[in-house]
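Engineer: Structure for this input, please:
(2 chains)
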Amino acid sequence: MEQFRKKLKTRIYLLLALSLLTALLGVYDVFFAPETLKNMKVFEFQMGATIAICILSLLIVFKYSNTLNDDNKLKLEYNKENDERTKAIKTKAGIPILPILSILMIISGIIAGYFNITVFYTLIIAAMCQVLISGMIKLIYMKRM
Amino acid sequence: MKTRIAELRKAKKISQEELALAVGVTRQTITSIEVEKYVASLPLAYKIARYFDLPIEEVFDFSQIDD
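Structural biologist: Down below sits the predicted model:
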């Protein structure tokens, strides 16, 4: 259990670093980004994604901090992460490969979007479809297993 | 696969949550095993049987498994 506690602490530090990075990027987007960039559709998407990642990271940090302070919650979280049925369902739904691929596609889409808007839409829609299909498969297997 | 988990649990007066916590899985997994939707792995079956102080074959019904 001590190892899991350390693992959660490491995750908290990484998430805090991510939220700080996204917060800095958000401040740049709002106050320092040139007007030519601000007029692009990709920029609005990037800003929204940055804010969402920042808020989500902070929420997860809050959840993990609560878990670390309560031994019962820690044990439940450990069981949840190491549960064999959940692992089997996740494997069938392509987790974590599909979400990782989708994140990479979204990042590439944002970068490519500054040069070609069609590539941006294509990559974002493909990434969303991937996540949606993975989620649907997960739901189906959660009912079946 | 048929099991006697629900029966043994009731005899011992413990909830699914308590059993799940003891064997290191979620409550949903215990439910799925009890309603025969999910077949437990050998390590999990061993942990459950050990929890009830019984041999695996007295908790899980292997009679329907093909040779």
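
Engineer: By mean pLDDT, flag the weakest helix or strand of chain A.
Structural biologist: Least confident helix or strand, chain A: helix A:35-38 with a mean of 85, by mean pLDDT, DSSP states H and E.

Engineer: following it, which helix or strand shows up next?
Structural biologist: helix A:41-69 (DSSP states H and E).

Engineer: Tell me which stretches of chain B form strands.
Structural biologist: Counting by DSSP state E, chain B forms no strands at all.

Engineer: low-scoring pLDDT stretches of it, where are they?
Structural biologist: B:66-67 (pLDDT under 70).

Engineer: Could you pick out the residues of it near chain A for me?
Structural biologist: Chain B has residues B:20-21, B:24-26, B:28-29, B:32, B:37-38, B:40-41, B:44 near chain A, with proximity defined as CB under 8 Å from any CB of the partner chain. Every residue, glycine included, has its C-beta placed from N, CA and C.

Engineer: Max pairwise distance over the residues you listed: which two?
Structural biologist: B:Leu21 and B:Lys37 (20.5 Å; CB to CB).

Engineer: who's more crowded, the two?
Structural biologist: Using other CB atoms under 10 Å in any protein chain shown as the criterion, B:Leu21 and B:Lys37 rank with B:Leu21 on top: 19 against 14.

Engineer: Just the helices from the chain, written as ranges.
Structural biologist: Since no chain was named, I'll use chain A. A:2-27, A:35-38, A:41-69, A:71-82, A:84-92, A:97-113, A:117-144 (DSSP state H).

Engineer: hm, I was asking about chain B
Structural biologist: B:5-12, B:16-23, B:27-34, B:42-51, B:56-59.

Engineer: deepest of these, which one?
Structural biologist: helix B:27-34 (a mean of 20; mean count of other CB atoms under 10 Å in any protein chain shown).

Engineer: could you give the angle of it to helix B:16-23?
Structural biologist: Angle of helix B:27-34 versus helix B:16-23, following axes from the mean of the first three to the mean of the last three CA atoms, to 10 degrees, is 100 degrees.

Engineer: Against which helices or strands is helix B:27-34 packed?
Structural biologist: Where contact means 3 or more CB pairs under 8 Å, 6 or more residues apart in numbering or on different chains; DSSP states H and E, helix B:27-34 is packed against helix A:84-92, helix B:5-12, helix B:16-23.

Engineer: May I see those helices arranged in JSON lines, with distance to A:Val131 as well?
Structural biologist: Converted to JSON lines, the helices and strands packed on helix B:27-34 look like this (distance: least, CB to CB, whole Å):
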{"stretch": "helix A:84-92", "distance to A:Val131": "14"}
{"stretch": "helix B:5-12", "distance to A:Val131": "35"}
{"stretch": "helix B:16-23", "distance to A:Val131": "29"}
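
Engineer: Alright, that wraps it up for me.
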